[in-house]
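[1] Need coordinates for the following:
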Amino acid sequence: MESDARERAALVAFFLPLTRRTCEELAVGDETIAAYLADVLAEFARSDRLHRIRAADGRRVESVVEMLAVARTLEGADAERAFHRYLGDYTLFMSGLFRPFVERGGHLGWYLAEGARAYARVASLGGDARRDRLLYRELATRFEHYAGALDYLRKVRFPGLAGPDPFGAFLREIATMVGAPSRN
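    A predicted model of the protein is given here:
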C-alpha cells in the first residue's frame with residue numbers, strides 16, 4: 001500500500017510539470033485543471049486502473065458501451081458518482097493520450113460526448129465539495145479542449161505513442177523517468 005502511494009506520488013510529480021506546461025502553452029485550464037489532468041495520467045499509468053470495471057460474470061469491461069450497460073446496475077448516488085467520474089476520466093485519457101486508437105475505431109466524437117456527459121453527471125449528483133462540483137462542471141463544459149490538451153501533450157512530449165502498441169509505449173516512456181510502474 002505504501003509503495004503504491006509512493007509510485008503514485010512519483011507519477012503525479014512526473015506528469016504535473018507536463019500538464020502545467022501544456023495548459024500554459026495552449027491557454028486552457030488553470031492550476032486545478034493541470035493537477036487533475038496529471039492525476040488522471042497517474043491513475044491510468046497502471047493497467048489494472050484502466051479497465052477496472054467488471055461485468056456481472058467478472059470479466060474486464062473494455063468498451064464504453066459495456067461500461068454504460070454496467071452503469072444500469074449501480075445502486076446509490078455514491079456508486080453512480082464514482083462510476084461517472086471513472087467514465088469521464090477514462091474517456092478523457094483515451095480521447096486525449098490515445099486519440100489515434102480511438103479515431104481508428106471511429107469513436108472520437110462519441111468518447112468526447114460521453115466524457116462530457118459523465119462529468120456533468122458527477123457535478124449534478126452533488127455530494128462533493130462545491131469546489132469539486134465546479135471542477136467537474138468545467139471538465140464537462142470544456143471536455144473537448146482538455147482532451148485536445150492531452151492529445152497535444154502526447155504529440156509534443158510522447159511522440160512514440162503513435163506506434164502499434166501505444167499503451168506499452170506509454171508505460172515504457174514513463175518507466176524511463178520514474179521507474180517501472182506496475183502493470184497489475
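
[2] which secondary structure element contains Y146?
    helix 143-157 (DSSP states H and E).

[3] Please point out which parts of that helix sit buried.
    By 16 or more other Cβ atoms under 10 Å, the buried positions in helix 143-157 come out as F143, E144, H145, Y146, A147, G148, A149, L150, D151, Y152, L153, R154. Where C-beta positions appear, they are placed from N, C-alpha and C, glycine not excepted.

[4] could you pull out the strands for this protein?
    Ranges of strands in the chain, per DSSP state E: none exist.

[5] Centre of it to the edge, which residue is at the far end?
    D57 (25.1 Å; Cα atoms, centre = their mean).

[6] Need the residues that contact stretch 81-91.
    With contacts defined as Cβ atoms under 8 Å, 6 or more residues apart in numbering, stretch 81-91 is touched by 40, 43-44, 50, 52-53, 64, 67-68, 70-71, 74, 111-112, 114-116, 118-119, 121-122, 125, 127-128, 136, 139-140, 143, 147.

[7] Sort out for me which of the residues you listed are in helices.
    Judged by DSSP state H, the contacts of stretch 81-91 include 40, 43, 50, 64, 67-68, 70-71, 111-112, 114-116, 118-119, 121-122, 125, 136, 139-140, 143, 147 as members of helices.

[8] out of the residues you listed, which are buried?
    40, 43, 50, 64, 67, 71, 111-112, 114-116, 118-119, 121-122, 125, 136, 139-140, 143, 147.

[9] Which neighbouring elements make contact with the lengthiest helix in the chain?
    Counting residues, the longest helix in the chain under DSSP H turns out to be helix 2-26. Contact here means 3 or more Cβ pairs under 8 Å, 6 or more residues apart in numbering; DSSP states H and E; on that basis helix 2-26 packs against helix 31-43, helix 143-157, helix 166-178.

[10] So which of these is nearest F98?
    helix 166-178 (5.5 Å; Cβ to Cβ).

[11] In the closest one, which residues are buried?
    Within helix 166-178, the residues that qualify as buried are P166, F167, A169, F170, L171, I174, V178, counting by 16+ other Cβ under 10 Å.

[12] Tell me, how many residues neighbour the closest residue in space to the first one that isn't next to it in sequence?
    In this case it means P166. Closest residue to P166 apart from its sequence neighbours, by Cβ to Cβ, 6 or more residues apart in numbering: F98 at 5.5 Å. Residues within reach of F98, counting by other Cβ atoms under 10 Å, total 22.

[13] and F98, what pLDDT?
    F98 carries a pLDDT value of 90.
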